[in-house]
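K.L.:
Give me coordinates for this.
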Amino acid sequence: MTKSIIYFILLIVFTLSSCKQMAQNNTKYNKLNADERNVIINKGTEAPFKNEYFNFKGKGTYLCKQCYTPLFLSDNKFDSGCGWPSFDEEIPHSLIKTTDADGLRTEITCKKCGAHIGHVFLGEEFTAKNTRHCANSISLLFMKEKSDSVHDTAIFASGCFWGTEYYFQKLEGVISTQVGYTGGHTTNPTYKEVCSGTTGHLEAVKVVFDSSKIDYEKVCKYFFETHDFTQTNGQGPDIGEQYLSAIFYTSMEQKKIAEKIINILIEKNYKVATMLIPAKPFWPAEEYHQDYYINKGSTPYCHIYTKIF
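P.N.:
Coordinates of the predicted model:
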């Protein structure tokens, strides 16, 4: 084999490797604050007994804070007395285990994004599985199980929340709506702060509906029919991060339904820009934003209903 051929093969390998690395670097993950970066990126450790989930007993799924990959089920959580959340089993194929440089402990990281989760210990006999995944709460995001109540909640962002709310108030089966801010990293934001583009929050609407009259799939389809979900920089003339299209799912079932609908739209040759994000704290907007078009007696300027399904 000549040198020129060898160099050509090496060039191809290098190019493919570089492209793969660029793709990984361009993957969109959740924006982290300084404390989250210290643990998730820099492999720090949060304080024991003072973190969010060490004594939390909710039923549901724990996701990776950075990429939202499901990592643990609440059924596998137990109290080890260590001050951090402990699980005796992970969701299959969700974690990578790597021995620390000192050889004393085994680190666990998210298989998808590489986020530092904590460490895993064997042979402590806390449970029959004889395994303890010791996780940092700050590396996790909890997703509760679907409620059996006939009242269900959906959270949508589709541009200016005045227009989003206007259409959901017309949908049969909807009990109530509330406009607000969610998805960002600041607490109790104001409209001015959200418009500055520094909070990470989107304008959104919390929709409470009667699931005995209308199911989440129909509500979700209606969401897509009332805005341009292909626009990547806002909605209509409203440009900016706070106007992006997003579904904030409150359960894994809602996520699966949203993914199903998005796949249907893709099959219809739509380029879907809508983001799927686990529900985060929802901060109600100022009172003058609530029921805006009802109070004004007018109609939206950047939302229109288009039958798709």
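K.L.:
I'd assumed I264 was in a strand, is it?
P.N.:
No. Assessed with DSSP: H, G, I helix; E, B strand; the rest coil, I264 is helix; it does not lie in a strand.
K.L.:
Now it: closest residue in space that isn't a chain neighbour?
P.N.:
Closest residue to I264 apart from its sequence neighbours, by CB to CB, 6 or more residues apart in numbering: F309 at 7.6 Å. For glycine as for every other residue, the C-beta is placed from the backbone atoms N, C-alpha and C.
K.L.:
That neighbour contacts V219, correct?
P.N.:
No. Checked against CB atoms under 8 Å, the pair F309 and V219 is beyond contact range at 11.9 Å.
K.L.:
Which one's more surrounded, those two?
P.N.:
V219 (21 against 13; other CB atoms under 10 Å).
K.L.:
tell me which element that one is part of?
P.N.:
helix 216-225 (DSSP states H and E).
K.L.:
quick check, distance from that helix to the centre of its chain.
P.N.:
19 Å (CA atoms, centre = their mean, to the nearest Å).
K.L.:
which helices and strands does it pack with?
P.N.:
Secondary-structure packing of helix 216-225 (3 or more CB pairs under 8 Å, 6 or more residues apart in numbering; DSSP states H and E): strand 151-158, helix 252-267.
K.L.:
and the angle for that helix with helix 252-267?
P.N.:
Counting by axes from the mean of the first three to the mean of the last three CA atoms, to 10 degrees, helix 216-225 points 40 degrees away from the direction of helix 252-267.
K.L.:
Burial check on the nearest residue to R105 once chain neighbours are set aside, number of neighbours?
P.N.:
Closest residue to R105 in three dimensions, ignoring its sequence neighbours and counting by CB to CB, 6+ apart: H119, at 4.8 Å. Using other CB under 10 Å, H119 has 20 other residues around it.
K.L.:
Also Y166?
P.N.:
21.
K.L.:
Pull the contacting residues for it.
P.N.:
292-294, 299-300, 303 (CB atoms under 8 Å, 6 or more residues apart in numbering).
K.L.:
Tell me the backbone dihedrals of the closest residue to V174 other than its chain neighbours, please.
P.N.:
Distance criterion CB to CB, 6+ apart; nearest residue to V174, sequence neighbours excluded, is F209 at 4.9 Å. Backbone torsions of F209, given as degrees, to the nearest 10, read phi -130, psi 160.
K.L.:
Next one: F209 from P278, what distance?
P.N.:
Applying CB to CB, to the nearest Å, the value for F209 to P278 is 20 Å.
K.L.:
more crowded one of these two?
P.N.:
For F209 versus P278, the count of surrounding residues by other CB under 10 Å is larger for F209: 24 against 20.
K.L.:
Is the more buried one in contact with E172, as I believe?
P.N.:
No. Applying CB under 8 Å, one finds F209 not in contact with E172, separated by 9.4 Å.
K.L.:
how about the strands in the stretch 151-300 of the chain?
P.N.:
Using DSSP state E, counting those that start in this stretch, the strands of the stretch 151-300 of the chain run over residues 151-158, 174-182, 202-210, 234-235, 238-239, 245-249, 275-278, 283-284.
K.L.:
Identify whichever of these lies nearest to Y29.
P.N.:
strand 275-278 (11.2 Å; CB to CB).
K.L.:
ok so, going back, which one of the strands of the stretch 151-300 of the chain lies closest to K65?
P.N.:
Closest to K65 of those is strand 275-278 (CB to CB; 9.4 Å).
K.L.:
Dump the C-alpha coordinates for that closest one into PDB.
P.N.:
Extracted as PDB, the C-alpha positions of strand 275-278 are listed here (Å, rounded to 0.1, in the frame of the first residue of the first chain):
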ATOM      1  CA  MET A 275     -38.900  21.200  21.800                       C
ATOM      2  CA  LEU A 276     -39.900  18.500  24.300                       C
ATOM      3  CA  ILE A 277     -38.900  19.500  27.900                       C
ATOM      4  CA  PRO A 278     -39.800  18.000  31.300                       C
END
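K.L.:
before we move on, back to that, which residues sit against the helix or strand where the residue nearest to R105 lies?
P.N.:
In this structure, H119 sits in strand 116-122 according to DSSP H and E. Residues outside strand 116-122 that contact it (CB under 8 Å, 6+ apart) are 39-45, 64, 71, 84, 95, 97, 100, 105-110, 130-136, 139-140.
K.L.:
Swap in 7 Å and give it another go.
P.N.:
39-40, 43, 71, 84, 95, 97, 105-110, 130-136, 139 (CB atoms under 7 Å, 6 or more residues apart in numbering).
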